[in-house]
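S.K.: Below are the sequence and a predicted model for it; my questions follow.
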Amino acid sequence: MNVSPAVAPYLESFRERRPALPGGSLPWLRQIREAAIAQFRDRGFPGPRDEDWKYTRTAPLERQPFRAATGDPEDAADADVARCAGRVPAGCCRLVFVDGRLSRAHSAFEDPGDGVVVTAMRDALERPPEALRRHFGRYAGREGFPFAALNTAFADDGAFIHLQRRASTPHPVHLLFLSTGREPDVVSHPRVLVIAEVASRALVVEHYAGVGAGSRCFNNAVTEVVLESGACVEHYKVQLEGESTYHIASIEVQQAENSHFTSHLTSLGGRLVRHDINVRMAAPHARCDLQGLYLASGRQHMDFHTRIDHLEPGCTSNEVYKGVLDGRARGVFNGRVLVHPDAQKSDAHQANDNLLLSPHVEIDTKPQLEIHADDVKCSHGATVGQLDESMLFYLRARGIEERSARALLTFGFLEQMLETVPISWLRESLEHGIAGRLPGAADLPGLGDREEATS
Amino acid sequence: MAAERNDVEALIERGYEHGFFTDIESDTVAPGLDEDVIRLISRKKQEPEFMLEWRLRAYRHWLTMSEPTWANVTHPPIDFQSISYYSSPKSRDDAPKSLDEVDPKLLETYEKLGIPLHERAALAGVAVDAVFDSVSVATTFKDRLAEEGIVFCSFSEAVRDHPALVERYLGSVVPHTDNFFASLNSAVFTDGSFVYVPKGVRCPMELSTYFRINAANTGQFERTLIIADEGSYVSYLEGCTAPMRDENQLHAAVVELVAHDGAEIKYSTVQNWYPGDEEGRGGIYNFVTKRGECRGDDSKISWTQVETGSAITWKYPSCVLRGRNSIGEFYSVALANLRQQADTGTKMVHIGENTRSTIVSKGISAGRGQNAYRGLVRIEKGAKGARNYTQCDSLLMGDRCGAHTFPYMEVKNPTATVEHEATTSKISEDQLFYCLSRGMSAEDSVSLIVNGFCKEVFKELPMEFAVEAQKLLEVSLEGAVG
């Protein structure tokens, strides 16, 4: 078997680190890791002939192997953590990870609520509860996604969130992943598993941020979410790393009857970014809402792949992705909805709208529908356009500078995606994050503050 | 709605209408493909040296290629060595000078197909260049067209009489290296149609070709080349039927269109080849490469297709919009019933400034049919102010069928506006109830609704074709609704 030179260092590293990985003494976990590394070895990095990677090249990732961080996670400066964490109110259960490893000093294991267990993934893998054992690694990498397999093989830290019957999180569980850039070429494999039992309700914020410019790093994240019947999980992902970060992540969701999954993704940072969200509605009357917003500039490359499987009758899915591209950025959207045979009364809607601000950007969008049942209501739409000149003129005629007018209109284009965020501190920090990236927004007092912006 | 409606039951049980087989002697080459076969084809057709060279280049390139597998279709592997690559009706040796000299059996075939060459052609003002198997046997209205300086003839005639035009344009839109089936076609094509419309001429009539596959096991490889010179206009009609047969027949045609400054080409197709039986046996494999290039400024190419036949349809009539302000259009109705598989759509490549394209695709799936729309809209960097509007709707009839949409949009210019919309639904109960409550039968109601669904496309078809297309759709859908 020929192993490509890009893959070999990871195989080597796996052999070295295997004994130190959490749960190394557990045969079932060892088996999962071995199978995953074998899958990664066989599959390798995606090539140019790979349809799922048609518009995204991983060559910069392959050029040089990444390795695990060696620094002490507790060394991260308090100021950095506080700055990145944003306006998280007290009382939130918060786990802070520095370059992939938990920093206990910066974390706050507040009471997450009755019947809710939040543990660091490392601890959970060392002493796995039955529920983790039942679900860990069962969903990730299903579609032959090599990076998910890589994560499973190396999964070290992250979070395990378990909600018992009818339990609910009073505050969102905040998971903050910091990339410090202190060491060169650091890879981390954050792993999150959320199990929501019957009729439970969870709010989870997965938050990626970078400290300063720093050196190259690679975040290879996997999140698995399991919803039992009637469960409701809202997953908010915020991705704001620096310009030298590669972020590849997949979210794998398994839904039971009458469950409701919401994914809200905001992607503003990173150099090469790829998100895969795969939702399997495996029982009748499940519902999922996928929302995404992205703002890419400079040389950023952002790629979003979603796949929603309507496996049983009466499921509903709703997907809206909106993006703005500026500078030399490139955006890719690939949304796939599959309605399987017998999944009658499926209702699926999908939209992807793009705003192009510079002559050097490129967007490749591909909404796909594959339908094998007849009594369904499915639609999708995609648009690509620029700012409306007449709207610009309207603002200019009222004495607003062009730069600011553009910022205002761009913000307005994305604002719809923020209105659906019910967590006020998160919504505000997203508004500020977006406004901070729009040239000209600074001249507009109150942009980003809902009250003033709308009045 | 048609007043005289046949009994529904009878219609359901009705087999493929055009499933007959004319028994005439064919001059067929033994199955198999190598350079000698290509030399033989070229020699039989008395082609100039450049054609043979071109065919051989295509063949040698084809040998290096592998069959594509990305389409959403499944079929048993095709053995390209078991196909006979040349077949021409014997009667060609003593070429008919007029209709009277044409083999009466051939004429009988045309009668059954409903294209009486001499009568209806004159009445409808349609010039028919009929392709029977691979060699054109009769062409009408030549004189009328010649007056205007229009060349409308079979491809072999064009090679003989207008070699300079052929050499200049052949392969300039679909090169011999384009794709697996186009390369194969380039190597072995036997005939097809050729149209040249000179500068400033508006073609006085619709040009039409009826293709027909006849002799068993002869894959048909047509080549069509249409050139519209500056400021000219031409409307071209293509329609197809094929006799019933048990073995799958391969059809890999190539159509090239070239529109110069201010020229307009309208290309309409009604495809009604044998779709196979309920179990998917038999039926035509229709793997076609169709592409038009708006080479000049202000030019326009419009594709309209009604695809109801073939076991597998795999074709993407495309437009390369190179000239400034050029326009590309694609209107399609594709029906997949029984076990038919259709993977069809278009590519609109915007290169020039202010280029515009419109895509309207209507897919109907019934029975166990699988219908896929696969389209590409690419806005290149220089295509300032380019505009695209895409709409693809699918109608599902029956719970074992499938409708799929794979639209690719690649935009490299921020001044472009690209819109894509797609919906999938079944026939609305409300609409059906409305019709039924007014005393219409279920069959009539469905037919009415389906025709309404396709109306946007049908209105783009020339009159005669629009009528035929509606009829075809009705017949093809019989029994699909319970």
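M.R.: Received, thanks.

S.K.: what's the burial count for the residue nearest to B:Met65 when sequence neighbours are not counted?
M.R.: What sits nearest to B:Met65 in space, not counting adjacent residues and going by CB to CB, 6 or more residues apart in numbering or on different chains, is B:Phe180, at 4.9 Å. Bear in mind the C-beta positions are built from the backbone N, C-alpha and C, glycine included. Neighbour count for B:Phe180, taken as other CB atoms under 10 Å in any protein chain shown: 16.

S.K.: did I read that right, B:Met65 in a strand?
M.R.: No: using DSSP: H, G, I helix; E, B strand; the rest coil, the assignment for B:Met65 is coil, not a strand.

S.K.: list the contacts for it?
M.R.: When contacts are counted by CB atoms under 8 Å, 6 or more residues apart in numbering or on different chains, B:Met65 touches B:Asn179, B:Phe180, B:Ser183.

S.K.: Quick check: which element contains the last one?
M.R.: Just to be clear, that refers to B:Ser183. Assessed by DSSP states H and E, B:Ser183 sits inside helix B:180-188.

S.K.: So what's the gap between that helix and the chain middle?
M.R.: Remark: helix B:180-188 is offset 16 Å from the chain centroid, using CA atoms, centre = their mean, to the nearest Å.

S.K.: cool, stretch B:288-308 as well?
M.R.: The answer for stretch B:288-308 is 11 Å, by CA atoms, centre = their mean.

S.K.: Low-confidence regions, the chain specifically.
M.R.: Reading this off chain A. A:1-2, A:142-143, A:212-213, A:443-455 (pLDDT under 70).

S.K.: let's do chain B instead
M.R.: For chain B (pLDDT under 70), the answer is B:1-29, B:87-143, B:209-219, B:239-248, B:280-281, B:464, B:475-482.

S.K.: Spit out the contact partners of the residue nearest to the spatial centre of it.
M.R.: Taking CA atoms, centre = their mean, the centroid of chain B lies closest to B:Thr269, which sits 4.9 Å from it. Residues counted as contacts of B:Thr269 (CB under 8 Å, 6+ apart) are B:Leu237, B:Glu238, B:Gly239, B:Cys240, B:Trp303, B:Thr304, B:Gln305, B:Val306, B:Glu307, B:Pro317.

S.K.: Can you show me the helices along chain B?
M.R.: Using DSSP state H, the helices found in chain B span residues B:8-13, B:35-44, B:49-63, B:104-113, B:119-124, B:142-148, B:155-161, B:163-169, B:180-188, B:429-437, B:442-458, B:463-477.

S.K.: can I get the contacts of B:Thr269 in JSON lines with distance to chain A and neighbour count?
M.R.: Shown next, in JSON lines, are these (distance: CB to the nearest CB, whole Å; neighbours: other CB atoms under 10 Å in any protein chain shown):
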{"residue": "B:Leu237", "distance to chain A": "32", "neighbour count": "23"}
{"residue": "B:Glu238", "distance to chain A": "29", "neighbour count": "23"}
{"residue": "B:Gly239", "distance to chain A": "30", "neighbour count": "24"}
{"residue": "B:Cys240", "distance to chain A": "28", "neighbour count": "26"}
{"residue": "B:Trp303", "distance to chain A": "22", "neighbour count": "26"}
{"residue": "B:Thr304", "distance to chain A": "24", "neighbour count": "27"}
{"residue": "B:Gln305", "distance to chain A": "21", "neighbour count": "26"}
{"residue": "B:Val306", "distance to chain A": "22", "neighbour count": "29"}
{"residue": "B:Glu307", "distance to chain A": "19", "neighbour count": "25"}
{"residue": "B:Pro317", "distance to chain A": "20", "neighbour count": "26"}
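
S.K.: Let me know the closest of those to A:Arg396.
M.R.: B:Trp303 (42.4 Å; CB to CB).

S.K.: now that closest one, which residues is it bridged with?
M.R.: Residues in a beta bridge with B:Trp303, per DSSP bridges, are B:Tyr267, B:Phe330.

S.K.: One more: the one 4 residues further on?
M.R.: When bridges are taken as DSSP bridges, the partners of B:Glu307 come out as B:Gln271, B:Ala334.

S.K.: Now for residue 165, how many residues are close by?
M.R.: Let's take chain A. Count around A:Arg165 with other CB under 10 Å applied: 13.

S.K.: that's the other chain; I wanted chain B
M.R.: Neighbours around B:Leu165, by other CB under 10 Å: 16.

S.K.: nearest residue to it other than its sequence neighbours?
M.R.: B:Tyr196 (5.8 Å).

S.K.: How about the contacts made by the one you found?
M.R.: B:Tyr196 touches B:Ile150, B:Val151, B:His162, B:Leu165, B:Ile226, B:Ile227, B:Asp229, counting by CB under 8 Å, 6+ apart.

S.K.: 7 Å - rerun?
M.R.: Listed by CB atoms under 7 Å, 6 or more residues apart in numbering or on different chains, the contact set of B:Tyr196 reads B:Ile150, B:Val151, B:His162, B:Leu165, B:Ile227.

S.K.: Restricted to strands, list these.
M.R.: B:Val151, B:Ile227 (DSSP state E).

S.K.: Export the contacts of B:Tyr196 to a markdown table and append columns for distance to A:Gly44.
M.R.: A markdown table is the format used below for the contacts of B:Tyr196 (distance: CB to CB, whole Å):
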| residue | distance to A:Gly44 |
| --- | --- |
| B:Ile150 | 57 |
| B:Val151 | 55 |
| B:His162 | 53 |
| B:Leu165 | 50 |
| B:Ile227 | 48 |
